[in-house]
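*Asks:* Here is a sequence with its predicted model. Questions after.
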Amino acid sequence: MNRTDIIIVGAGPGGYETALLAAGRGKTVTIIESGHVGGTCLNEGCIPTKSLCRSAEIIREIGESGTFGVMADGCKVDFHAVMERKNAVVEQLRGGVEALLGHKLISLVRGRATFKSADTVSVDGVEYTSSDIIIATGSKAFVPDVPGTDDPDVITSRELLSMGSLPERLCIIGAGVIGLEFASVMSAFGVQVTVLESCREILPRFDQDISKRLKQCLSRSGIAIVNQAVVQAVERGADGLEVKYDLKGRTESVFADKVLVAVGRRADLQAMNFGDIGVRMTGKGIETDADMQTSVPHIYAIGDVVGGYMLAHEAVAQGKKALDHICGIRNDIDLSIMPAAVFTSPEAACVGLTEQQCKEQEIPYVCRKTFFRSNGKAVCMDQTDGLCKLLVSRDSQERILGCHLMGPHASDLIQEITALMSCGAPLHRLESIIHPHPTLSEVYL
Ligand code: NAD
């Protein structure tokens, strides 16, 4: 019988970080993975995409180099080299995770786990038992039931990240995080990009000030964005793929060589056979309580399989909650203070409540806006598009309710406000912190 203190199913960021933390606390861990360690984030999500974002950033900078007095004779993208670099980045980081999982208290089992009973899982006929099991099996791209989406040139982010060559024209369905990051990257690579979004705004979960301004910036950079577009069918014709959509009662079309479907991801509930062990589901994924316990108390679920924001750092925080509960350690992490970033050009980032949420929840607030165009460093960088929006409670406590950014390095800048919110610090604490000059961090002052 293979028995360890904890079984973790899934070696994505939630799974492997929790395994390392548990081993660091002296627990024996079996971690089971059917694919590559690192999960979606490392192999076909955050990391490869950010490698492409960096290539795109360099191309943009070379294109704009004349502004800085640098003579560059234009540039061409060697997409093969871009993808080789992306693969090397992924392999380097994957090697690092594999080495860490070589910890003497961790057994990495390769294969697909299914439940045999509430405390036992089976992998290729071999059984593993534990008093605590953490499910971290992630999510899969959702492809809506639209005619024609079975065409091989209708792809998800997974296939796009292993394309051998660039399409001339790319139609992206969905202006969420994935859709817009790829729109930004592919447009920088010279691809003609059209984004179709069913909602009135892009990034519907973001503060509307940010989504409106980001749409302006992306449109100015040459990306065509159509809101309130409901895709009806994809048809193959003489001019490639024709994506037909309804726009306020009219049928319109866009022609493309590839179509990227980026309309959300769904918890991967097929990954394990839950049978009759009693794990309850919500409409979005596995039901959990504040300690990430499922309806079966010694079975925990973390990350995308729970169906939250589907962010790697959320999965890691949830894994820590689950492990602390197993170990009987108090855990004060506030999962509602969850920073998020979109790696478009310019970047967008947020933490806490949006202005719309403050209104819906009838929370009295004050909104303070500052702009990158008055930030010395941003002017030197010639990246002045963007703003910072701080939402603060309209009372003597001046609680920071939320922060919304669009601008250079927004994904890094959001961390200062995340730290302050996590400490429950009021706005005047931010004002009493010395910010180095000239830096983008002065956008908060
Ligand atoms: P998403 O939920 O962010 O966006 C999906 C978009 O598609 C929404 O704007 C939605 O209105 C639109 N949409 C839905 N159905 C549509 C249809 N039929 N036609 C047109 N538009 C439609 O989903 P995503 O971008 O696929 O990302 C999936 C998950 O992965 C998200 O939870 C996201 O947070 C996470 N993720 C995060 C990052 C990051 O943190 N940088 C990067 C990638 C993915």
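*Replies:* Right, received. Where do you want to start? Quick caveat, the model's predicted, so the values are computed rather than measured.
*Asks:* Could I get the full set of strands for the stretch 51-200 of the chain?
*Replies:* 106-110, 113-117, 120-123, 126-129, 132-135, 139-141, 154-155, 169-173, 192-196 (DSSP state E, counting those that start in this stretch).
*Asks:* What residues sit buried inside stretch 224-232?
*Replies:* For stretch 224-232, a neighbour-count test (16 or more other C-beta atoms under 10 Å) marks I225, V226, N227, A229, V231, Q232 as buried. All C-beta spots, glycine's among them, are computed from the backbone N, C-alpha and C.
*Asks:* okay, the first one: pLDDT?
*Replies:* On the pLDDT scale, I225 is placed at 98.
*Asks:* beta partners of it?
*Replies:* V195 (DSSP bridges).
*Asks:* rewinding a little: nearest to G319, out of the strands of the stretch 51-200 of the chain?
*Replies:* strand 132-135 (7.0 Å; C-beta to C-beta).
*Asks:* That closest one pairs with which strands, and in what direction?
*Replies:* strand 6-9 (parallel), strand 299-301 (parallel).
*Asks:* Quick check: which of the strands of the stretch 51-200 of the chain is buried the most?
*Replies:* strand 132-135 (a mean of 28; mean count of other C-beta atoms under 10 Å).
*Asks:* And the contacts of that strand?
*Replies:* 5-10, 15, 18, 119, 121, 272, 279, 286, 292, 294, 298-302, 305, 319, 322-323, 326 (C-beta atoms under 8 Å, 6 or more residues apart in numbering).
*Asks:* Is there a quick PyMOL command that grabs whichever of those residues are buried?
*Replies:* Here is the PyMOL command that selects the buried residues among those (16+ other C-beta under 10 Å):
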select buried, resi 5+6+7+8+9+10+15+18+119+121+272+279+286+292+294+299+300+301+302+305+319+322+323+326
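*Asks:* The ligand next: which of the contacts of strand 132-135 are close?
*Replies:* Contacts with the ligand within the contacts of strand 132-135, counted by C-beta under 6 Å from any ligand atom: none were found.
*Asks:* re the thing from before, could I get the strands paired with strand 132-135 in JSON lines, plus columns for mean pLDDT and distance to A238?
*Replies:* Converted to JSON lines, these look like this (pLDDT from 0 to 100; distance: least, C-beta to C-beta, whole Å):
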{"stretch": "strand 6-9", "mean pLDDT": "98", "distance to A238": "48"}
{"stretch": "strand 299-301", "mean pLDDT": "98", "distance to A238": "49"}
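*Asks:* Kindly reformat these as CSV containing distance to V263.
*Replies:* Listed next are the strands paired with strand 132-135 as CSV, based on distance: least, C-beta to C-beta, whole Å:
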stretch, distance to V263
strand 6-9, 27
strand 299-301, 24
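*Asks:* Can you point out the buried residues in stretch 72-88?
*Replies:* Buried, per 16+ other C-beta under 10 Å, within stretch 72-88: V77, F79, V82, M83, K86.
*Asks:* Out of those residues, flag the one nearest to A238.
*Replies:* F79 (25.8 Å).
*Asks:* so what's the closest one closest to, chain neighbours aside?
*Replies:* L166 (5.0 Å; C-beta to C-beta, 6 or more residues apart in numbering).
*Asks:* Pretty sure that neighbour sits against F189.
*Replies:* Yes: counting by C-beta atoms under 8 Å, F189 is a contact partner of L166 at 5.7 Å.
*Asks:* Please name the residues that touch the residue lying closest to R265 once chain neighbours are set aside.
*Replies:* Closest residue to R265 apart from its sequence neighbours, by C-beta to C-beta, 6+ apart: S139 at 4.1 Å. Counting by C-beta under 8 Å, 6+ apart, S139 touches T40, R265, R266, A267, D268, D304, V305, G307, M310.
*Asks:* 6 Å - rerun?
*Replies:* By C-beta atoms under 6 Å, 6 or more residues apart in numbering, the contact list for S139 reads R265, R266, A267, D268, D304, M310.
*Asks:* Just among those residues, which is most surrounded?
*Replies:* Highest neighbour count within those: D304, with 31 neighbours (other C-beta atoms under 10 Å).
*Asks:* Now do that one, the pLDDT please.
*Replies:* On the pLDDT scale, D304 gets 98.
*Asks:* And for the closest residue to the ligand within the stretch 151-300 of the chain, the neighbour number?
*Replies:* Of all residues in the stretch 151-300 of the chain, G176 sits closest to the ligand, at 1.7 Å by C-beta to the nearest ligand atom. Using other C-beta under 10 Å, G176 has 21 neighbouring residues.
*Asks:* ok, so what distance separates the spatially most central residue of the chain from the ligand?
*Replies:* The chain has L311 as the residue nearest its centroid, 4.8 Å off, counting by C-alpha atoms, centre = their mean. Separation of L311 from the ligand (C-beta to the nearest ligand atom, to the nearest Å) stands at 5 Å.
*Asks:* Likewise for V443?
*Replies:* For V443, the distance to the ligand - C-beta to the nearest ligand atom - is 20 Å.
*Asks:* thinking that residue is in contact with R373, fair?
*Replies:* No: at 10.2 Å, V443 does not count as touching R373 under the criterion of C-beta atoms under 6 Å.
*Asks:* Kindly tell me how buried R94 is, as a neighbour count.
*Replies:* 16.
*Asks:* R200: how many residues sit nearby?
*Replies:* With other C-beta under 10 Å as criterion, R200 counts 10.
*Asks:* which residues touch it?
*Replies:* Contacts of R200 (C-beta under 6 Å, 6+ apart): N227.
*Asks:* okay, the residue nearest to R265: pLDDT?
*Replies:* 97.
*Asks:* Could you check how far it is from the ligand?
*Replies:* 7 Å.
*Asks:* what's the answer for L21, then?
*Replies:* From L21 to the ligand the distance is 22 Å (C-beta to the nearest ligand atom).
*Asks:* so which strand or helix has that residue?
*Replies:* In the assignment (DSSP states H and E), L21 maps to helix 13-24.
*Asks:* And the helices in the stretch 51-200 of the chain, which stretches?
*Replies:* In the stretch 51-200 of the chain, the helices defined using DSSP state H, counting those that start in this stretch lie at 79-100, 157-160, 177-188.
*Asks:* Show me what from the stretch 201-350 of the chain comes close to the ligand.
*Replies:* So the stretch 201-350 of the chain meets the ligand at 204, 231, 262-265, 309-311, 340-343 (C-beta under 6 Å from any ligand atom).
*Asks:* Now, those residues that are in strands?
*Replies:* Judged by DSSP state E, strands contain the following of these: V231, R265, A340, A341, V342.
*Asks:* biggest separation within those residues, which pair?
*Replies:* V231 and A341, at 26.9 Å, using C-beta to C-beta across these.
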